[in-house]
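Enquirer: 3D, please:
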Amino acid sequence: MSTLLGAKQPVLPYSMKHVHHYDNAKFRPRSFFQMVTQALVKSSIRRDCARCSTGKILVLLMFSGLAYLMFTHTSPVPSKSDELMHSSFRKYEDKKLIAGFKGFWRRPPRIPPRLTPDEKVNHNTSIFDSEKLNEKAKWEGRQNKVKEAFIHAWSGYSKYAMGYDELMPLSQRGTDGLGGLGATVVDALDTAMIMGANDIVLEAGTWIEKNLLERITAKGQVNLFETTIRVLGGLLSAYHLSGGEKGTDIIKFEGPKPTVYLEIAKDLADRLLVAFTASPTSIPFSDVVLRDRTAHPAPGGVSSTSEVSTVQLEFNYLSTVLNDSKYGLEAMKVLEHMRSLPTVQGLVPIYISPHSGEFIGQNIRLGSRGDSYYEYLLKVWLQHGTSQDSNFQYLHKMYEEAMKGVRSLLVRKSIPKGLVFVGELPSGSEDDFSPKMDHLVCFLPGTLALGATKGFTKKQAMKDNLVSFADLDNLNLAEDLTKTCFEMYAVTSTGLAPEIAYFHTEQGYSEVGLDGGNKSSEYINDIIIKPADRHNLLRPETVESLFVLYRITEDPKYREWGWQIFEAFEKHTKVDSGGFTSLNDVTKVPPERRDKMETFFLGETLKYIYLLFGESSVIPLDKFVFNTEAHPFPII
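Expert: Numbering: from 1, shown residues only. A predicted model of the protein is given here:
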């Protein structure tokens, strides 16, 4: 068989001049004239007639005459029916004669090209490749639209608020709400690097080199959590992406050398460390006075659980690049301490005391003050690799237990259409369940998917036996929750999600007249939006999960959903003079606008949408881990 398959086959003809090699009825039909000619030329009739006698000729003529009389004989008194029949027959014969003459002069049909099996495969592949190229071009075009939006947002900030923490785009001025460290500049820097917006990289980098260290030494109180995830995280990510770590040359950018970002990051971290060292327990104080290197608790004396447990990625990475363990050791004490505290099926209250080291209250939720605790359990473990003998393996166990608790205690379905959502336990597991879901909770689908496959595609993870049945259940939950998060956008008149949504449930929770305004939405009766919750702050959590779900499942619907959300941002939040603005009410068109552009719109929202539309090889999830402000760090 192999010999037959390997033998060289004759090439089928591509034009009429090769037809004589394939003279058969299926391949080349012959005309009546050709058949008569061949019969006269090639048959024995020609040879016999050449030798025949006069008698034989007469006999032949006689038989010909008899045949003529038989075929032309008609009745002397034909009936009308016979006349009609013969008339029809003559018409039929005339048509045959005409068709015969047409066929006689008609050229044989042109033989269509015949493709060999290899050529057929190549032809089909070409069509497939063409479709892939068209699809790639579509998403590259949409990615460029996101880059244009980023440049527009930066232009407003640069023109009216350069050096301030945030832009107020409507009043065209800046405001300091995060300690006055120019948070937008640092938050947006690695986004500009990823997008290749080199002019912005140069402008932002130059400002950081000339101004940030002086700001750090002169400024007063900052929040440990916000400053760590935005400023420290932004500096460290810029250091890596600009080629700083161990001489890695990723992309050359104009502006300061990578070491400039690292030196400023070190100075800032040294000042922030006092939040850990000044506390009587392993739980840090929430606020730091940078110029004095002092720290104190927030008003009321308690810290947010999410805030104290969401600084470890940044300090761990700084320890790695400086080869100085003190930063990571201080930060990791928080999670090591929390490991010893009691939980409710892995779930924890949203407040903790730096004085006693104990949780405060019983309020359990994955929204504000609780969200990124669960995110960092997984991501800190991923940052240090997934080895079973890792010193960080306890984090993965805590994460797995917490996700079981989420499924058991917090996951419900709405009515009438059955959207899967995550609610809250305001007074603990023994009290009433609240069908309230913050937009912040929409980080969870991405975290679930990331935990299920460890950053690999679902296809690859299953091929390599990296997923368990629990992982697959978590991935299915991630897909269900991502749909819910998208429908929180699609249900409103503007196509943008509210800050908080409630869900109509079988337990009787329902409020009339509080829908999202989009009457064509299938889920108009499932989602309830109260007047106080209708604002939109340009948050990134849903597009973050769309990005992760697309990378892992490779399902194009997540890209399409992301494009719809981006178009809604463009339509309703873009400010002509520069920048984008938050909204007061997403259920009305045109929406009332707030006068603020959060730093995370440039640092997270636009970055995640840009990466969603791009190649999966850019910042791959199996080699990088994003901090909660979307600053990527390489996995150690």
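Enquirer: Distance of A331 relative to T305?
Expert: A331 is 15 Å from T305, where distance means Cβ to Cβ, to the nearest Å. Heads up, the C-betas are built off the backbone N, CA and C, glycines and all.
Enquirer: Also A501?
Expert: Counting by Cβ to Cβ, the separation of A501 from T305 is 23 Å.
Enquirer: Same drill for the two, tell me which one is more crowded.
Expert: Neighbours were counted for A501 and for T305 using other Cβ atoms under 10 Å; A501 has more, 29 against 26.
Enquirer: in the sheet, who's paired with that one?
Expert: Bridge pairing for A501 (DSSP bridges) gives the partners M437.
Enquirer: who touches it in this structure?
Expert: Shown in contact with A501 (Cβ atoms under 8 Å, 6 or more residues apart in numbering): 436-437, 439, 488, 527-529, 533.
Enquirer: out of the residues you listed, which one sits closest to M195?
Expert: H439 (24.6 Å; Cβ to Cβ).
Enquirer: Got the confidence number for that closest one?
Expert: At H439, the pLDDT value in this model is 98.
Enquirer: can I assume A331 is in contact with F276?
Expert: Yes. Assessed by Cβ atoms under 8 Å, A331 is found in contact with F276 at 7.2 Å.
Enquirer: how about the contacts of A501, which pair is most distant?
Expert: Greatest spatial distance among these (Cβ to Cβ): H439 and I528, at 14.3 Å.
Enquirer: Roughly how far does N391 sit from M403?
Expert: 22 Å.
Enquirer: more crowded one of those two?
Expert: Neighbour totals were compared for N391 and M403, and M403 leads with 26 against 10 (other Cβ under 10 Å).
Enquirer: so when I look at that one, I'm seeing a strand, right?
Expert: No. Counting by DSSP: H, G, I helix; E, B strand; the rest coil, M403 is not part of a strand but helix.
Enquirer: residue contacts, it?
Expert: Applying Cβ under 8 Å, 6+ apart, we find M403 in contact with 346, 374, 448, 451, 474.
Enquirer: likewise T227?
Expert: 178-179, 181, 268, 272, 288.
Enquirer: if you set the cut-off to 6 Å instead, what comes out?
Expert: Contact analysis of T227 by Cβ atoms under 6 Å, 6 or more residues apart in numbering lists nothing.
Enquirer: Which stretches in the stretch 501-636 of the chain count as strands?
Expert: With DSSP state E, counting those that start in this stretch as the criterion, the stretch 501-636 of the chain has strands at 527-528, 624-626, 632-634.
Enquirer: list the helices and strands the second one packs on?
Expert: In terms of contact count using 3 or more Cβ pairs under 6 Å, 6 or more residues apart in numbering; DSSP states H and E, strand 624-626 is assigned the packing partners helix 371-383, strand 632-634.
Enquirer: now the ones you listed in a markdown table, with distance to K623 and mean pLDDT?
Expert: Formatted as a markdown table, the helices and strands packed on strand 624-626 follow (distance: least, Cβ to Cβ, whole Å; pLDDT from 0 to 100):
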| stretch | distance to K623 | mean pLDDT |
| --- | --- | --- |
| helix 371-383 | 10 | 98 |
| strand 632-634 | 6 | 97 |
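Enquirer: which strands and helices sit next to the longest helix along the chain?
Expert: Using DSSP state H to define each element, the chain has its longest helix at helix 117-160. Contacts defined by 3+ Cβ pairs under 6 Å, 6+ apart place helix 117-160 against helix 606-612.
Enquirer: Run a quick neighbour tally on K326.
Expert: The local packing of K326 (other Cβ under 10 Å) involves 16 other residues.
Enquirer: now swap in the one 10 residues further on and tell me
Expert: Residue neighbour count, defined by other Cβ under 10 Å, stands at 13 for E336.
Enquirer: Y394 versus that one, what's the distance?
Expert: For E336, the distance to Y394 equals 8 Å [Cβ to Cβ].
Enquirer: ok, now which ones touch Q221?
Expert: So Q221 contacts 287, 289 (Cβ under 6 Å, 6+ apart).
Enquirer: chain center to stretch 508-518, what's the gap?
Expert: 30 Å (Cα atoms, centre = their mean, to the nearest Å).
Enquirer: Make JSON lines out of the strands of the stretch 501-636 of the chain and add distance to R539.
Expert: Converted to JSON lines, the strands of the stretch 501-636 of the chain look like this (distance: least, Cβ to Cβ, whole Å):
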{"stretch": "strand 527-528", "distance to R539": "17"}
{"stretch": "strand 624-626", "distance to R539": "15"}
{"stretch": "strand 632-634", "distance to R539": "19"}
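Enquirer: mind putting those in TSV, mean neighbour count and distance to S171 included?
Expert: Shown next, in TSV, are these (neighbours: other Cβ atoms under 10 Å; distance: least, Cβ to Cβ, whole Å):
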stretch	mean neighbour count	distance to S171
strand 527-528	26	33
strand 624-626	23	32
strand 632-634	21	33
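Enquirer: For N465, which of those strands is the nearest?
Expert: In terms of Cβ to Cβ, the element of those nearest to N465 is strand 624-626, at 22.4 Å.
Enquirer: For that closest one, which strands pair with it and how are they oriented?
Expert: Using DSSP bridges, the strands paired with strand 624-626 are strand 632-634 (antiparallel).
Enquirer: my guess is S171 meets D595, correct?
Expert: Yes. If you go by Cβ atoms under 6 Å, S171 and D595 touch, sitting 5.5 Å apart.
Enquirer: And these two? Which one has more around it.
Expert: For S171 versus D595, neighbours defined as other Cβ under 10 Å are more numerous around D595 (15 against 11).
Enquirer: Looks like that one contacts E166 (just checking).
Expert: No. D595 lies out of contact with E166 (Cβ under 6 Å); the separation is 10.3 Å.
Enquirer: starting at the chain centroid, how far to stretch 417-425?
Expert: With Cα atoms, centre = their mean, you get 23 Å for stretch 417-425.
Enquirer: Would you mind listing the outside residues contacting that stretch?
Expert: 364-366, 410-413, 433-437, 441, 480-481, 484, 503, 523, 526.
Enquirer: Using CSV, write down the CA coordinates of it.
Expert: Below are the C-alpha coordinates for stretch 417-425, written out as CSV (Å, rounded to 0.1, in the frame of the first residue of the first chain):
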residue,chain,number,x,y,z
LYS,A,417,-34.3,33.6,33.4
GLY,A,418,-31.8,32.0,35.7
LEU,A,419,-28.7,34.2,35.8
VAL,A,420,-26.1,32.9,38.1
PHE,A,421,-24.8,35.5,40.6
VAL,A,422,-22.8,35.8,43.8
GLY,A,423,-24.6,37.4,46.8
GLU,A,424,-23.7,38.4,50.3
LEU,A,425,-24.1,37.3,53.9
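Enquirer: Any buried residues in it, and which?
Expert: Judged by neighbour count using 16 or more other Cβ atoms under 10 Å, the buried positions of stretch 417-425 are 419-425.
Enquirer: same question, stretch 288-308
Expert: 288-290, 295-297, 302-308.
Enquirer: Which of those fall within strands?
Expert: Counted as lying in strands by DSSP state E, out of the buried residues of stretch 288-308, are 288-289, 295-296, 303-304.
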